[in-house]
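**Q** Below are the sequence and a predicted model for it; my questions follow.
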Amino acid sequence: MTDKVTLAMGAGGRQTAQLIDEVFAARFNSPLLTADDAAVLEPPRGRMAMSTDGFIVSPSFFAGGNIGKLSICGTVNDLACMGARPLYLTCGFVIEEGYPLDQLRQIADAMAATAAAAGVSLVAGDTKVAGKGQVDGVFITTTGVGEIVEGAAPAGAKARPGDAIIVTGDVGRHGCTILLARDEFGIEADVTSDCAPLWDSVEAMLGVTKDIHVIRDATRGGVGTVLYEIASQSGVGVRLDAAAVPVDPAVGGVCRMLGLEPLYLACEGRLVVIAPKEEAPALVEALRACPNSQGAAIIGEITDDRPGWVVMRTEIGSETLLPQPTGELLPRIC
Amino acid sequence: MSDATTTARQILATYDGPRLRIMEVCGTHTHENFRLGIRKLLPPQVDLISGPGCPVCVTPVGFIDEAIWLAEHGVTITTFGDLVRVPGTSKNLAAARADGARVQVVYSPLDALEYAKEHADEQVCFLSVGFETTVPAACLAVSQAHAEGVGNFSLLVANKTMPNAYAALKGSADVFLYPGHVHAITGTQLCEDLVEQGVSGVLAGFTAKELLTAMAVALSKAKEGKPFFVNAYPRVVKSEGTPAAVALIEQVMEPCDTEWRGLGVIPQSGLRLRDEYAAYDARKKHDMPVIEGHANPACRCGNVLRGEITPEQCPLFGKVCTPLHPVGACMVSGEGACSAFYQYGGNLS
């Protein structure tokens, strides 16, 4: 093979088969992934969750991961947010003509390693090659199926006044990492993406109680956007304690320089969890015992005043509204 | 909470002096006072009013029209991001860009100079707005371009200076919350002189503690009933300022009369490039016509900038004029009073 992706590799012939065998199948290593037209699978037990997500992050390699790792985490975490153990994933690639094969291998390596860590099988895939300039690098879409743990039924409309709000770690690291990787600001800081699969963390929480009201992954728009969505869906108020929100010092420093709010920077390995207050300490303890949620913390509570709004207790003990998301955040963050 | 924070909050809570209007001259102070919830801690007889200290907000509509004229005549515009969305008479720079103009967002005038050097086949103009805080970097870019013989770089200058603006605003407030970063350049002599004219003020920093301290100082001093000035930001602002930066400004620029949105023309409150640097003055270099802008007549940014009304008293606020569809500059800029009021939902009382 050459060292770059060619249009012929996407034409469906021998070179396509070679690309798939050498780059993807050899790494994904799943008996369910065959050369047939569709994967044949055992059905999940009980209710099933299904989700799909596209990934176009720029740059496609960043501190703490690459687009391959991200494409697995994104869909696995979407399933986990419904209380679903991820079982099967499919992946679709759109690759730009001339893309270095070496980088494609690294992406496939990251997908294989992340899928193994999350306990999910890659069972089907598709590869297309677009002409130079018709797509930027590589775009990936993953679709996943999971089985919902019996008794679990988290949903955005279920937050109730008195519930505690938990985040599973420090906020805003993925967004900050991508911002720095683009090198538009001339700022250097030691920040690594939080990109991680989170089924372990959700499973640990469901081991404490099935009565978890909301689980959301705080991707585009960050924790702040998720909280506004939950406040609106559930018709409740949110009260945050600014001092309790975990922020990595380097992320905090970058945000102060650029006038950004860490609560609005994307995470790719952080959940917002809303659960009855009395369960919160045990949930935090269970989360902290999992490798990807060691920094879990209670950051606020659900209230019945100011429905639809997020109120912050500020560092000097006063109160202010968290400004609403403006929709002008970074493009191509995931 | 630290002891200092508790003490400062007590001073605010127990203030029993006269009615007091404190003007946040600097737009960043407006934002931070909202973000930290300081407005909520103030007693009812103390009003915070927002002043003219957001560079984008006080830049008149005609300046945006001039920038668009340049962009439509093949000049590459380099600018701070805020200005791209500020409405001109008929459109903004974002619309000009969509129509094919080259508009490049930069984070410093020196980045604009770098861009010019890397694109020798383009004429590159930097939109130089801002107060004494940002002027030195623009002057540095011009003096570097001059030294290196860069021929395709110019500035469209609308820089402003504070001294005469204070004089113009004298009656608008009882106490000025002076902008820390402007005085880090210019020093504090001006504030001392204003005390002689009966104008009170506190020079404030930008952290929670610094702002809270500045407020507490303002209220304590106001109770004493005579004009005062206190530098509550001594870790950054020295009485002599930054002489090297002042010298650089004087080398490259000279004072001129200038128009402030909302305040009209204030004599000798603007800057322009000295004749020696005329080759870097976009108006001369590109032989620009005189362009007069016309703001939307319903927009009341002017009254907001003079502290005469709060943003919520403008009929367009939050209805026609929002951060996504700004009518006036005060709704665009991150430092604008309307933007702060909109984002933080006014006083959370």
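**A** Now that the structure is in, tell me what you want to look at.
**Q** Report how many residues lie close to the closest residue to chain A within chain B.
**A** Residue of chain B nearest chain A, by CB to the nearest CB: residue B:37 (2.9 Å). For every residue, glycine as well, the C-beta is placed using N, CA and C. Neighbour count of residue B:37, defined by other CB atoms under 10 Å in any protein chain shown: 24.
**Q** Check residue B:118 too.
**A** So residue B:118, with other CB under 10 Å, has 9 neighbours.
**Q** residue contacts, the residue of chain B closest to chain A?
**A** A:312, A:314, A:316, A:318, A:319, A:320, B:348 (CB atoms under 8 Å, 6 or more residues apart in numbering or on different chains).
**Q** Quickly list the domain ranges of chain B.
**A** B:3-35+B:165-231, B:57-161+B:241-285, B:301-342 (automatic domain parsing).
**Q** tell me, which of those domains is the model least confident about?
**A** Note on these: lowest mean pLDDT is at domain B:301-342, with a mean of 85.
**Q** okay, stretch B:205-214 in PDB with CA atoms only?
**A** C-alpha atoms of stretch B:205-214 as PDB (Å, rounded to 0.1, in the frame of the first residue of the first chain):
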ATOM      1  CA  GLY B 205      -8.700  46.300  40.200                       C
ATOM      2  CA  PHE B 206     -10.600  43.400  38.700                       C
ATOM      3  CA  THR B 207     -10.600  40.400  41.100                       C
ATOM      4  CA  ALA B 208     -13.400  39.800  43.600                       C
ATOM      5  CA  LYS B 209     -11.500  41.100  46.500                       C
ATOM      6  CA  GLU B 210     -10.200  44.200  44.700                       C
ATOM      7  CA  LEU B 211     -13.600  45.200  43.400                       C
ATOM      8  CA  LEU B 212     -15.300  44.600  46.800                       C
ATOM      9  CA  THR B 213     -12.600  46.600  48.500                       C
ATOM     10  CA  ALA B 214     -12.900  49.400  46.000                       C
END
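**Q** ok, residues contacting it?
**A** Here stretch B:205-214 makes contact (CB under 8 Å, 6+ apart) with A:314-316, B:2, B:4-5, B:8-9, B:12, B:28-29, B:32-33, B:36, B:38, B:177, B:180, B:202-204, B:232-233, B:235-236.
**Q** Next SSE downstream of the strand with the most length in chain B?
**A** Identified as the longest strand of chain B according to DSSP state E is strand B:264-273. The helix or strand immediately downstream of strand B:264-273 is helix B:282-285, counting by DSSP states H and E.
**Q** Can you list the buried residues in that following helix?
**A** Neighbour-count burial for helix B:282-285, with 16 or more other CB atoms under 10 Å in any protein chain shown as criterion, is recorded at B:282, B:283, B:285.
**Q** so the closest residue to the last one other than its chain neighbours, which of the three states?
**A** The one in question is residue B:285. Spatially, and ignoring its direct neighbours in sequence, residue B:285 is nearest to residue B:154 (5.0 Å; CB to CB, 6 or more residues apart in numbering or on different chains). Under DSSP: H, G, I helix; E, B strand; the rest coil, residue B:154 falls in the strand class.
**Q** For residue B:154, name its beta-bridge partners.
**A** On the basis of DSSP bridges, residue B:154 is bridged to residue B:125.
**Q** all strands for the stretch 101-250 of chain A, in order.
**A** For the stretch 101-250 of chain A, the strands defined by DSSP state E, counting those that start in this stretch occupy A:121-130, A:138-148, A:164-167, A:214-217, A:237-241.
**Q** same thing with the stretch 201-349 of chain B?
**A** Under the criterion DSSP E, counting those that start in this stretch, the stretch 201-349 of chain B contains strands at B:229-231, B:253-260, B:264-273.
**Q** which residue sits closest to residue B:318, ignoring its sequence neighbours?
**A** Closest residue to residue B:318 apart from its sequence neighbours, by CB to CB, 6+ apart: residue B:342 at 6.1 Å.
**Q** And the one you found, how far from residue A:311?
**A** Using CB to CB, to the nearest Å, residue B:342 is found at 17 Å from residue A:311.
**Q** How about residue B:144?
**A** As judged by CB to CB, residue B:144 and residue A:311 stand 48 Å apart.
**Q** and these two? which has more neighbours close in?
**A** Applying other CB under 10 Å to residue B:144 and residue A:311 shows that residue A:311 carries more neighbours, namely 21 against 16.
**Q** that's a strand at that one, yeah?
**A** Yes: with three-state DSSP as the criterion, residue A:311 is part of a strand.
**Q** For the residue nearest to it when sequence neighbours are not counted, list the residues it contacts.
**A** Of all residues not flanking residue A:311 in the chain, residue A:239 sits nearest, at 5.2 Å (CB to CB, 6+ apart). Residue A:239 is in contact with A:300, A:301, A:302, A:303, A:310, A:311, A:312, A:313, counting by CB under 8 Å, 6+ apart.
**Q** The same query, at a cut-off of 10 Å, please.
**A** A:165, A:299-303, A:305-306, A:309-313, A:319 (CB atoms under 10 Å, 6 or more residues apart in numbering or on different chains).
**Q** Mark which of these are buried, thanks.
**A** Listed as buried from the contacts of residue A:239 are A:165, A:299-303, A:306, A:309-313, A:319; burial here means 16+ other CB under 10 Å.
**Q** For the residue in chain A positioned nearest to chain B, what are phi and psi?
**A** Per CB to the nearest CB, residue A:318 is where chain A lies closest to chain B, at 2.9 Å. For residue A:318, the backbone dihedrals (degrees, to the nearest 10) come out as phi -100, psi -170.
**Q** Please determine how far residue B:174 is located from residue B:183.
**A** Relative to residue B:183, and taking CB to CB, residue B:174 is found at 20 Å.
**Q** okay, these two: which has more neighbours?
**A** Neighbour totals were compared for residue B:174 and residue B:183, and residue B:183 leads with 27 against 20 (other CB under 10 Å).
**Q** Can you say which helix or strand has residue B:50 in it?
**A** In this assignment (DSSP H and E), residue B:50 forms part of strand B:46-53.
**Q** On the C-terminal side of that strand, identify the next helix or strand.
**A** For strand B:46-53, the following helix or strand on the C-terminal side (DSSP H and E) is helix B:55-58.
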